[in-house]
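K.L.:
Model the structure of this input:
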Amino acid sequence: QVQLVESGGGLVQAGGSLRLSCAASGRAFSSNVMGWFRQAPGKEREFVARIRWSGETTYNEDSVHGRFTISRDNAKNTVYLQMNSLEPEDTAVYYCAAARRPYYSGNLSSAATYDYWGQGTQVTVSS
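P.N.:
This is a model prediction of the structure:
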């Protein structure tokens, strides 16, 4: 059974930093794209960042403005999201996701691409 478990969320003041982790189990994801999404209250789930098997990354620059960094450690089957200069607008539940098919190259910013999801971790940024 595949599981994605996020950790690292919490309450932080504006300007602070958090590092989210997503540990995968049940299968290896070294050949699969993995991503982070977030959902704020009353809003739709939003793409944040994704990372291919090669380490190539893409971000939602309209939202993260160069403040976030996604990375992965294939040996640990884990993906990370380093978030710096956090703003109250970053407050949301953050979800880790992974695509089932290896080397999939469709729309990697679409939630529909991802087959496995974590339960989410709350990030709250106070002003």
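
K.L.:
and residue 6, how many neighbours?
P.N.:
Neighbours of residue 6 under the rule other C-beta atoms under 10 Å: 22. No exception for glycine: its C-beta is placed from N, CA and C like everyone else's.

K.L.:
how close does the closest residue to residue 25 other than its chain neighbours sit to residue 17?
P.N.:
The shortest distance from residue 25 to any non-neighbouring residue, by C-beta to C-beta, 6 or more residues apart in numbering, is to residue 3 (4.9 Å). Taking C-beta to C-beta, to the nearest Å as the measure, residue 3 falls 27 Å from residue 17.

K.L.:
what's the helix or strand for the closest residue to residue 103 other than its chain neighbours?
P.N.:
Setting aside the residues directly before and after it, residue 103 is nearest to residue 31 in space (C-beta to C-beta, 6+ apart), at 6.0 Å. Assessed by DSSP states H and E, residue 31 sits outside every helix and strand.

K.L.:
Number of residues surrounding residue 31?
P.N.:
Count around residue 31 with other C-beta under 10 Å applied: 14.

K.L.:
ok, now residue 17?
P.N.:
Neighbourhood size, residue 17 [other C-beta under 10 Å]: 11.

K.L.:
That one and residue 90 touch, don't they?
P.N.:
No. The criterion here is C-beta atoms under 8 Å, and residue 17 misses it with residue 90 at 10.9 Å.

K.L.:
what touches both of these two?
P.N.:
residue 83 (C-beta atoms under 8 Å, 6 or more residues apart in numbering).

K.L.:
ok, now how distant is the closest residue to residue 17 other than its chain neighbours from residue 66?
P.N.:
Distances taken as C-beta to C-beta, 6+ apart put residue 84 closest to residue 17, at 4.7 Å, once the chain neighbours are dropped. Distance, residue 84 to residue 66, using C-beta to C-beta: 9 Å.
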